[in-house]
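Novice: Sequence first, predicted model second:
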Amino acid sequence: MSDATSLELTAEKRAELSNQTLQFILKYFDAASTTPIYPQGDISLIQNRLNVSLPVNGADAAEVLSDCFDLIAPNCRNNSHPRMFGYVVSPPTFIGAMADAIASTVNQNVTSWRSGPGPTEIEHITLNWIKDMIGYPREAMGVLLSGGSMANFAAISTALRAKSGVDINRDGLRAIAKEPVIYASEMVHMSIAKAAEMLGLGRNSVRIIATKPDFTIDLDALNAVIQGDLTANKLPFCVVANAGDVNTGTVDPIGKVADICAKYGLWCHVDGAYGGFAALAPGVKSLFESLSKADSVSLDPHKWLFVPLDAGCLLVKNPAALHAAFSHDAAYIKVLGADALTSFAFWDYGPELSRRFRALKIWATIRQYGATALGQAINENIRLAKRLADLVEQSDDFELLAPVVLSIACFRYAPKGVDDLDRLNSEIMVKVQKGGEAYISNTTIRGKFALRACITNYRTTEKDMQILLDAIRDVAARIG
């Protein structure tokens, strides 16, 4: 039992617990490629042994850790497995995980320079490195957030404040005389509609633009819809371009979208939460050359920079626009008698006040591996996705449903003589997931249920592509 009069542990007890935890972490990394992807633990053990009344008296710390190792961890999905192809999930580097543990230990609330001088400087350094990675101007302002959804929310908030012509922070949406409108392709991430909802604009304020056969936004349709809204006396204010949509990995023609925005005076936001760091990959670098023309870019280091959750990023070309959207005065945060360096506060550039030390794990990962190695790892993921597409097209029982641009392959099992392929592939996906050998997700491509494999893992090899297809065939044979 713990000492009821103190929360402090002895040095010996801390050493014992830390050694146990380190051994668990080492074993976890060692077994990342062999532990089944789908949780193999017995969830009833958590329900029966841990779902108890509020503890009045504490347990021994070793017992608490034992529950973490033996009950909770086995009921976690193994996101580090080389055939974890569902959603956009990358494994953390070991140094990233260690840096995250250090960040939790020093427990800095990175609100401002005075609250954490070192962490604030590391975040600025890390943001500058990210700008360099994607070719974004150094004079831009950046902020680390929980992920792409919050980054997109902050971007749309900034765009609305910048383009409405009124002080929304003070007077609210009622001060805008015309109906604000956002534009995005049908492949847009749901976080854009959610941002519109959270801002009080409503999801119907997002105009969905058709895509071309290659799933990029139809620029002629975009032009026509904007012109129609101007004629209807609405307020077009933002276009969202995809730098790797999460359905197919498609990259919109960013430069051309930016030109349309410039033509109409709209804000150009690029959602690069999934694909933005592919700007480091030699094979697709040219797709991202126009990122510098965007007014804002969202990115997720925890998606394709192999950094532990959570780590999102927003970059905004005009720092004053970001400051205007989020700065706020309050007596309890006022910085007195400070110079430009020490008076800096992240709360003036984003929606959060309390902010954990997210930068350290990103900084450590970039510092250890460098941009070249990270770009090569991303490039290899893209090569493997294209190899998977080749295997699909070479087969007589699979069908490719979308071009592979980055590291997402959308396909389906399509043997001859089966009428309801949507139902068959839906059943296949669930059984493959639970089988633990591979994990795929789903999407809908031109009305067809698609199996979706997203490769964002530095452990994945070419043999995993064939193992995935064989696993699907094996499940399909059992379904009959």
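Specialist: Now that the structure is in, tell me what you want to look at. Numbering: from 1, shown residues only.
Novice: so how far is the longest helix along the chain from its chain's centroid?
Specialist: Identified as the longest helix of the chain according to DSSP state H is helix 359-394. Distance, stretch centre to chain centre, for helix 359-394: 15 Å (C-alpha atoms, centre = their mean, to the nearest Å).
Novice: Between the two ends of stretch 101-110, what distance do you get?
Specialist: With C-alpha to C-alpha, to the nearest Å as the measure, stretch 101-110 spans 16 Å from end to end.
Novice: Tell me the pLDDT of the residue lying closest to residue 342 once chain neighbours are set aside.
Specialist: With C-beta to C-beta, 6 or more residues apart in numbering as the criterion, residue 342 has its nearest non-adjacent residue at 5.0 Å, and that residue is residue 113. The C-beta positions use only the backbone N, C-alpha and C, and glycine is treated the same way. Looking at residue 113, its pLDDT reads 88.
Novice: Quick check: residue 113 touching residue 122?
Specialist: No. Counting by C-beta atoms under 8 Å, residue 113 does not reach residue 122; the two are 11.6 Å apart.
Novice: List the contacts of the residue nearest to the spatial centre of the chain.
Specialist: Centroid-nearest residue in the chain, with C-alpha atoms, centre = their mean: residue 300, separated by 4.2 Å. By C-beta atoms under 8 Å, 6 or more residues apart in numbering, the contact set of residue 300 is 88, 147-148, 151, 273-274, 276, 311-313.
Novice: Going by contacts, tell me the helices and strands next to the longest helix of the chain.
Specialist: In terms of contacts (3 or more C-beta pairs under 8 Å, 6 or more residues apart in numbering; DSSP states H and E), helix 359-394 is packed against helix 94-106, helix 117-134, helix 301-304, strand 398-400, strand 408-413, helix 463-479.
Novice: again, only this time at 7 Å
Specialist: Where contact means 3 or more C-beta pairs under 7 Å, 6 or more residues apart in numbering; DSSP states H and E, helix 359-394 is packed against helix 94-106, helix 117-134, strand 398-400, strand 408-413, helix 463-479.
Novice: And the pLDDT at residue 278?
Specialist: The model reports residue 278 with a pLDDT of 98.
Novice: Distance-wise, check it relative to residue 353.
Specialist: Look at residue 278 and residue 353: by C-beta to C-beta, to the nearest Å, they are 33 Å apart.
Novice: So those two - more neighbours on which side?
Specialist: In terms of neighbours (other C-beta atoms under 10 Å), residue 278 is the more surrounded of residue 278 and residue 353; the figures are 27 against 14.
Novice: Residue 53: how many residues sit nearby?
Specialist: Using other C-beta under 10 Å: residue 53 sits among 5 other residues.
Novice: How about the contacts made by residue 285?
Specialist: residue 279 (C-beta atoms under 7 Å, 6 or more residues apart in numbering).
Novice: after the helix or strand residue 224 falls within, next one along is what?
Specialist: Element membership for residue 224 (DSSP states H and E) is helix 219-231. Counting by DSSP H and E, the next helix or strand C-terminal to helix 219-231 is strand 235-242.
Novice: What are the contacting residues of that following strand?
Specialist: Strand 235-242 is contacted by residues 156, 159-160, 163-164, 176, 178-185, 187-188, 192, 217, 222, 226, 229-230, 250-252, 254, 257, 260-261, 264, 266-271 when judged by C-beta under 7 Å, 6+ apart.
Novice: strand partners of it, parallel vs antiparallel please.
Specialist: Sheet pairing of strand 235-242 (DSSP bridges) gives strand 180-185 (parallel), strand 267-272 (parallel).
Novice: Now do stretch 388-405, average pLDDT.
Specialist: 98.
Novice: quick revisit: and the contacts of residue 300, which is closest to residue 78?
Specialist: Relative to residue 78, the closest of those is residue 88; by C-beta to C-beta it sits at 16.0 Å.
Novice: Burial check on the closest one, number of neighbours?
Specialist: 21.
Novice: when you give positions from now on, start the count at 25
Specialist: With the count now opening at 25, the last piece we talked about shows up as residue 112.
Novice: residues contacting the residue nearest to residue 333 when sequence neighbours are not counted?
Specialist: Nearest residue to residue 333, sequence neighbours excluded (C-beta to C-beta, 6+ apart): residue 326, at 4.8 Å. By C-beta under 7 Å, 6+ apart, the contact set of residue 326 is 171, 332-335.
Novice: Who wins on neighbours among the residues you listed?
Specialist: For these, the largest number of neighbours (other C-beta under 10 Å) sits with residue 335, at 26 neighbours.
Novice: distance of that residue from residue 342?
Specialist: Residue 335 sits 24 Å away from residue 342, taking C-beta to C-beta as the criterion.
Novice: Distance from the chain centre to the lowest-mean-pLDDT helix or strand in the chain, please.
Specialist: None of the helices or strands of the chain scores lower by mean pLDDT, DSSP states H and E than helix 67-69, at a mean of 85. How far helix 67-69 lies from its chain's middle: 30 Å, per C-alpha atoms, centre = their mean.
Novice: list the buried ones in it?
Specialist: Buried residues in helix 67-69, counted by 16 or more other C-beta atoms under 10 Å: none are found.
Novice: Following that helix in sequence, what is the next regular element?
Specialist: Counting by DSSP H and E, the next helix or strand C-terminal to helix 67-69 is helix 85-91.
Novice: Tell me, how many residues neighbour residue 147?
Specialist: Residues within reach of residue 147, counting by other C-beta under 10 Å, total 23.
Novice: Quick check: the residue nearest to it when sequence neighbours are not counted vs residue 138, distance?
Specialist: Sequence neighbours aside, residue 383 is the residue nearest to residue 147 in space, at 3.9 Å (criterion: C-beta to C-beta, 6+ apart). Separation of residue 383 from residue 138 (C-beta to C-beta): 17 Å.
Novice: quick one, which of these two is more surrounded?
Specialist: Counted by other C-beta under 10 Å, residue 383 and residue 138 do not tie: residue 383 has more neighbours, with 26 against 13.
Novice: The more buried one against residue 168, yeah?
Specialist: Yes. With contact defined as C-beta atoms under 7 Å, residue 383 reaches residue 168; the gap is 5.9 Å.
Novice: and for these two, which residues touch both?
Specialist: With contacts taken as C-beta under 7 Å, 6+ apart, residue 383 and residue 168 have residue 147 as neighbours in common.
Novice: need the contact list for residue 468.
Specialist: So residue 468 contacts residue 474 (C-beta under 7 Å, 6+ apart).
Novice: and it, that's in a strand?
Specialist: Yes. Counting by DSSP: H, G, I helix; E, B strand; the rest coil, residue 468 is part of a strand.
Novice: ok, what's across the strand from it?
Specialist: With DSSP bridges as the criterion, residue 468 is bridged to residue 473.
Novice: What pLDDT is listed against it?
Specialist: pLDDT recorded at residue 468 is 96.
Novice: Look up how far residue 113 lies from it.
Specialist: Look at residue 468 and residue 113: by C-beta to C-beta, they are 20 Å apart.
Novice: again with residue 418
Specialist: Separation of residue 418 from residue 113 (C-beta to C-beta) stands at 28 Å.
Novice: And those two? Which one has more around it.
Specialist: Set residue 418 next to residue 113 and count neighbours by other C-beta under 10 Å: residue 113 wins out with 19 against 8.
Novice: Could you verify my assumption that that one touches residue 102?
Specialist: No. At 10.2 Å, residue 113 does not count as touching residue 102 under the criterion of C-beta under 7 Å.
Novice: Assign the nearest residue to residue 243 once chain neighbours are set aside to one of the three secondary structure states.
Specialist: In this structure, residue 243 finds its nearest non-sequential neighbour in residue 280, 5.7 Å apart by C-beta to C-beta, 6+ apart. What three-state DSSP gives for residue 280 is helix.
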